[in-house]
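*Asks:* Need a 3D model of the following:
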Amino acid sequence: MVWGELLAAGFLHALREAHREATLAVFGGLSRAAGFKERSFGVGAFDVLESQLDRVFERDEHVVRDDLNGSPGWRYGPYRVLTKRHEFGAVRAIRWDRERPTKQAVARQGYIEDPQLSLDLGVGPRDTPGVVTLVLAHSASEEPLEMELFLGRPRWNADGGTAWHWVKELTDEALGRDPRRKLVERTMPLWGGDEDDVPMRLREETSTETA
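*Replies:* Numbers count the residues shown, from 1 in each chain. Below is the predicted model:
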(Lines give C-alpha, C1' and ligand atoms only; values in the text may rest on other atoms or scores of the structure.)
Protein backbone atom coordinates (compact mmCIF):
# COMPACT_ATOMS: atom_id res chain seq x y z
CA MET A 1 0.00 0.00 0.00
CA VAL A 2 2.68 2.53 1.05
CA TRP A 3 5.04 1.60 -1.79
CA GLY A 4 2.28 1.66 -4.41
CA GLU A 5 0.99 5.08 -3.34
CA LEU A 6 4.44 6.68 -3.31
CA LEU A 7 5.36 4.98 -6.58
CA ALA A 8 2.27 6.25 -8.41
CA ALA A 9 2.95 9.80 -7.21
CA GLY A 10 6.50 9.80 -8.56
CA PHE A 11 7.81 10.31 -5.01
CA LEU A 12 10.09 7.28 -5.23
CA HIS A 13 11.46 8.38 -8.60
CA ALA A 14 12.31 11.76 -7.09
CA LEU A 15 14.18 10.07 -4.24
CA ARG A 16 16.25 8.05 -6.69
CA GLU A 17 16.93 11.08 -8.87
CA ALA A 18 18.18 13.07 -5.88
CA HIS A 19 20.41 10.25 -4.68
CA ARG A 20 21.97 9.76 -8.11
CA GLU A 21 22.73 13.47 -8.49
CA ALA A 22 24.09 13.73 -4.93
CA THR A 23 26.36 10.71 -5.38
CA LEU A 24 27.81 11.99 -8.64
CA ALA A 25 28.38 15.41 -7.10
CA VAL A 26 30.16 14.04 -4.03
CA PHE A 27 32.41 11.60 -5.86
CA GLY A 28 33.06 14.19 -8.54
CA GLY A 29 34.15 16.78 -6.00
CA LEU A 30 36.05 14.62 -3.52
CA SER A 31 38.84 12.15 -4.09
CA ARG A 32 40.88 9.92 -1.82
CA ALA A 33 43.99 10.91 -3.77
CA ALA A 34 43.48 14.48 -2.54
CA GLY A 35 43.28 13.29 1.06
CA PHE A 36 39.54 13.01 1.64
CA LYS A 37 38.63 10.15 3.97
CA GLU A 38 35.48 8.14 4.61
CA ARG A 39 34.18 10.71 7.07
CA SER A 40 34.43 13.38 4.37
CA PHE A 41 32.34 11.28 2.00
CA GLY A 42 29.82 10.57 4.75
CA VAL A 43 29.29 14.22 5.67
CA GLY A 44 29.25 15.23 2.00
CA ALA A 45 26.71 12.55 1.11
CA PHE A 46 24.41 13.68 3.94
CA ASP A 47 24.57 17.39 3.09
CA VAL A 48 24.37 17.09 -0.69
CA LEU A 49 21.52 14.56 -0.59
CA GLU A 50 19.53 16.94 1.60
CA SER A 51 20.08 19.74 -0.90
CA GLN A 52 19.18 17.53 -3.85
CA LEU A 53 15.97 16.34 -2.18
CA ASP A 54 14.97 19.95 -1.53
CA ARG A 55 15.63 20.67 -5.18
CA VAL A 56 13.58 17.83 -6.65
CA PHE A 57 10.64 18.56 -4.35
CA GLU A 58 10.64 22.36 -4.52
CA ARG A 59 7.96 22.47 -7.23
CA ASP A 60 5.88 19.56 -5.92
CA GLU A 61 2.98 21.03 -3.99
CA HIS A 62 2.13 17.58 -2.52
CA VAL A 63 5.50 17.23 -0.78
CA VAL A 64 6.41 19.36 2.24
CA ARG A 65 9.59 19.67 4.25
CA ASP A 66 8.84 17.97 7.57
CA ASP A 67 11.90 17.57 9.80
CA LEU A 68 11.79 15.39 12.90
CA ASN A 69 13.74 16.55 15.93
CA GLY A 70 16.32 18.22 13.70
CA SER A 71 16.62 15.32 11.25
CA PRO A 72 15.81 16.40 7.66
CA GLY A 73 12.51 14.97 6.49
CA TRP A 74 10.12 15.20 3.54
CA ARG A 75 6.46 14.22 3.72
CA TYR A 76 3.94 13.12 1.13
CA GLY A 77 0.50 12.74 2.68
CA PRO A 78 0.92 10.79 5.93
CA TYR A 79 4.35 9.42 4.99
CA ARG A 80 7.50 11.15 6.13
CA VAL A 81 10.95 10.07 4.93
CA LEU A 82 14.19 10.56 6.85
CA THR A 83 17.62 9.72 5.42
CA LYS A 84 20.17 7.26 6.81
CA ARG A 85 23.58 6.47 5.33
CA HIS A 86 24.63 2.85 5.74
CA GLU A 87 27.72 0.83 4.96
CA PHE A 88 27.60 -0.31 1.34
CA GLY A 89 26.10 -3.80 1.10
CA ALA A 90 24.96 -3.87 4.73
CA VAL A 91 21.53 -2.23 4.75
CA ARG A 92 20.04 -5.23 6.56
CA ALA A 93 22.71 -5.12 9.24
CA ILE A 94 21.78 -1.70 10.65
CA ARG A 95 21.43 -1.71 14.44
CA TRP A 96 18.81 0.90 15.27
CA ASP A 97 19.43 0.56 19.00
CA ARG A 98 22.91 2.00 18.37
CA GLU A 99 21.66 4.99 16.37
CA ARG A 100 20.81 8.47 17.63
CA PRO A 101 17.61 8.97 19.67
CA THR A 102 15.51 10.12 16.71
CA LYS A 103 16.26 7.03 14.62
CA GLN A 104 15.72 4.85 17.69
CA ALA A 105 12.28 6.38 18.16
CA VAL A 106 11.44 5.82 14.50
CA ALA A 107 12.40 2.16 14.81
CA ARG A 108 10.10 1.85 17.82
CA GLN A 109 7.03 2.99 15.85
CA GLY A 110 3.94 0.83 15.90
CA TYR A 111 2.73 -0.89 12.78
CA ILE A 112 0.87 1.19 10.22
CA GLU A 113 -2.42 -0.40 11.31
CA ASP A 114 -1.81 0.75 14.88
CA PRO A 115 -3.78 3.96 15.64
CA GLN A 116 -1.10 5.04 18.13
CA LEU A 117 1.49 6.19 15.60
CA SER A 118 2.92 9.14 17.47
CA LEU A 119 6.63 9.00 18.23
CA ASP A 120 7.71 9.65 21.79
CA LEU A 121 11.23 10.99 21.30
CA GLY A 122 11.77 11.60 24.97
CA VAL A 123 13.48 14.89 24.14
CA GLY A 124 10.59 17.20 23.36
CA PRO A 125 6.98 17.29 22.15
CA ARG A 126 5.45 14.16 20.66
CA ASP A 127 5.37 13.79 16.92
CA THR A 128 2.33 14.62 14.77
CA PRO A 129 -0.33 11.90 15.20
CA GLY A 130 -1.02 9.89 12.07
CA VAL A 131 2.37 10.47 10.46
CA VAL A 132 4.30 7.31 9.57
CA THR A 133 8.04 7.82 9.35
CA LEU A 134 10.03 5.77 6.84
CA VAL A 135 13.77 5.69 6.29
CA LEU A 136 15.62 6.23 3.03
CA ALA A 137 18.82 4.21 3.44
CA HIS A 138 21.51 5.30 1.02
CA SER A 139 25.07 4.30 0.21
CA ALA A 140 27.56 4.27 -2.66
CA SER A 141 30.99 2.95 -3.54
CA GLU A 142 33.59 4.94 -5.41
CA GLU A 143 35.55 2.37 -7.42
CA PRO A 144 33.65 0.92 -9.12
CA LEU A 145 30.90 3.52 -8.87
CA GLU A 146 27.83 1.77 -7.48
CA MET A 147 24.79 3.10 -5.66
CA GLU A 148 22.38 1.59 -3.16
CA LEU A 149 19.05 3.13 -2.20
CA PHE A 150 16.39 1.49 -0.04
CA LEU A 151 13.09 2.62 1.47
CA GLY A 152 11.62 0.82 4.44
CA ARG A 153 10.04 0.70 7.88
CA PRO A 154 12.74 0.24 10.53
CA ARG A 155 12.30 -2.41 13.20
CA TRP A 156 13.67 -1.99 16.71
CA ASN A 157 16.31 -4.73 16.70
CA ALA A 158 17.99 -4.57 20.07
CA ASP A 159 17.38 -8.33 20.05
CA GLY A 160 19.86 -8.64 17.16
CA GLY A 161 17.10 -9.57 14.72
CA THR A 162 16.06 -8.10 11.40
CA ALA A 163 16.45 -4.34 10.97
CA TRP A 164 13.27 -3.84 8.94
CA HIS A 165 9.57 -4.60 9.02
CA TRP A 166 9.89 -4.21 5.25
CA VAL A 167 12.49 -2.71 2.94
CA LYS A 168 12.67 -2.38 -0.84
CA GLU A 169 15.45 -1.26 -3.12
CA LEU A 170 14.80 1.67 -5.45
CA THR A 171 16.16 0.41 -8.75
CA ASP A 172 15.17 1.39 -12.27
CA GLU A 173 13.57 -2.03 -12.69
CA ALA A 174 11.55 -1.75 -9.46
CA LEU A 175 10.34 1.78 -10.20
CA GLY A 176 9.56 1.55 -13.90
CA ARG A 177 8.39 4.56 -15.87
CA ASP A 178 8.54 7.89 -14.08
CA PRO A 179 4.96 9.23 -13.78
CA ARG A 180 6.33 12.75 -13.41
CA ARG A 181 7.47 12.68 -17.03
CA LYS A 182 4.69 13.72 -19.38
CA LEU A 183 4.46 11.80 -22.59
CA VAL A 184 5.42 14.04 -25.47
CA GLU A 185 2.85 13.84 -28.22
CA ARG A 186 4.25 13.11 -31.62
CA THR A 187 4.21 16.16 -33.85
CA MET A 188 1.79 15.61 -36.70
CA PRO A 189 3.09 16.31 -40.21
CA LEU A 190 1.88 19.43 -41.95
CA TRP A 191 0.55 17.43 -44.86
CA GLY A 192 -2.31 14.98 -44.85
CA GLY A 193 -1.71 11.29 -44.45
CA ASP A 194 -3.59 10.43 -47.66
CA GLU A 195 -1.17 12.16 -49.98
CA ASP A 196 1.40 10.11 -51.82
CA ASP A 197 4.93 10.33 -50.61
CA VAL A 198 7.15 12.65 -52.58
CA PRO A 199 9.42 10.44 -54.70
CA MET A 200 13.05 10.72 -53.72
CA ARG A 201 16.14 9.64 -55.59
CA LEU A 202 19.83 10.08 -55.07
CA ARG A 203 21.42 12.71 -57.27
CA GLU A 204 24.19 11.30 -59.35
CA GLU A 205 27.50 13.02 -58.78
CA THR A 206 29.37 14.20 -61.88
CA SER A 207 33.11 14.09 -61.97
CA THR A 208 35.21 16.81 -63.62
CA GLU A 209 38.31 15.85 -65.53
CA THR A 210 41.37 17.91 -64.91
CA ALA A 211 44.20 18.44 -67.41
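
*Asks:* Give me the buried stretch members for the lowest-mean-pLDDT helix or strand in the chain, please.
*Replies:* When the helices and strands of the chain are scored by mean pLDDT, DSSP states H and E, helix 38-57 comes last with a mean of 82. By 16 or more other CB atoms under 10 Å, the buried positions in helix 38-57 come out as 41, 44-46, 48-50, 52-53, 56-57. Where you see a C-beta, it was placed from the backbone N, CA and C, and this is true even at glycine.

*Asks:* and if you look at stretch 132-142?
*Replies:* So stretch 132-142, judged by 16+ other CB under 10 Å, has buried residues 132-140.

*Asks:* Nearest to residue 96 among the residues you listed?
*Replies:* Using CB to CB, residue 135 is the member of those that lies nearest residue 96, at 9.1 Å.

*Asks:* Next, the closest one: secondary structure please.
*Replies:* strand (DSSP: H, G, I helix; E, B strand; the rest coil).

*Asks:* Was I right to think it contacts residue 85?
*Replies:* No. Under the criterion of CB atoms under 8 Å, residue 135 makes no contact with residue 85, lying 10.7 Å away.

*Asks:* Now do the helix or strand where residue 24 lies against helix 38-57, angle only.
*Replies:* Using DSSP states H and E, residue 24 sits within helix 11-29. With axes from the mean of the first three to the mean of the last three CA atoms, to 10 degrees defining the directions, helix 11-29 sits at 140 degrees from helix 38-57.

*Asks:* Give the other helices and strands that helix 11-29 contacts.
*Replies:* Packing contacts for helix 11-29, counted by 3 or more CB pairs under 8 Å, 6 or more residues apart in numbering; DSSP states H and E, involve helix 2-8, helix 38-57, strand 132-141, strand 146-154, helix 172-175.

*Asks:* 10 Å instead?
*Replies:* helix 2-8, helix 38-57, strand 73-76, strand 79-85, strand 132-141, strand 146-154, helix 172-175 (3 or more CB pairs under 10 Å, 6 or more residues apart in numbering; DSSP states H and E).

*Asks:* Those into CSV, with extra columns for distance to residue 164?
*Replies:* Shown next, in CSV, are the helices and strands packed on helix 11-29 (distance: least, CB to CB, whole Å):
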stretch, distance to residue 164
helix 2-8, 13
helix 38-57, 20
strand 73-76, 18
strand 79-85, 11
strand 132-141, 9
strand 146-154, 5
helix 172-175, 16
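
*Asks:* Nearest to residue 20 among those would be which one?
*Replies:* Across these (criterion: CB to CB), the nearest stretch is strand 146-154, sitting at 6.6 Å.

*Asks:* Low-confidence regions, this protein specifically.
*Replies:* For the chain, applying pLDDT under 70 flags the ranges 30-42, 111-128, 182-211.

*Asks:* how about a cut-off of 90?
*Replies:* Applying pLDDT under 90 to the chain flags residues 1, 24-47, 59, 109-130, 140-146, 181-211.

*Asks:* before we move on, the earlier item: which of the buried residues of helix 38-57 sits closest to residue 176?
*Replies:* Distances from residue 176 to the buried residues of helix 38-57, taken by CB to CB, are shortest for residue 56, at 17.9 Å.

*Asks:* and the closest one, how far is that from residue 180?
*Replies:* 9 Å (CB to CB, to the nearest Å).
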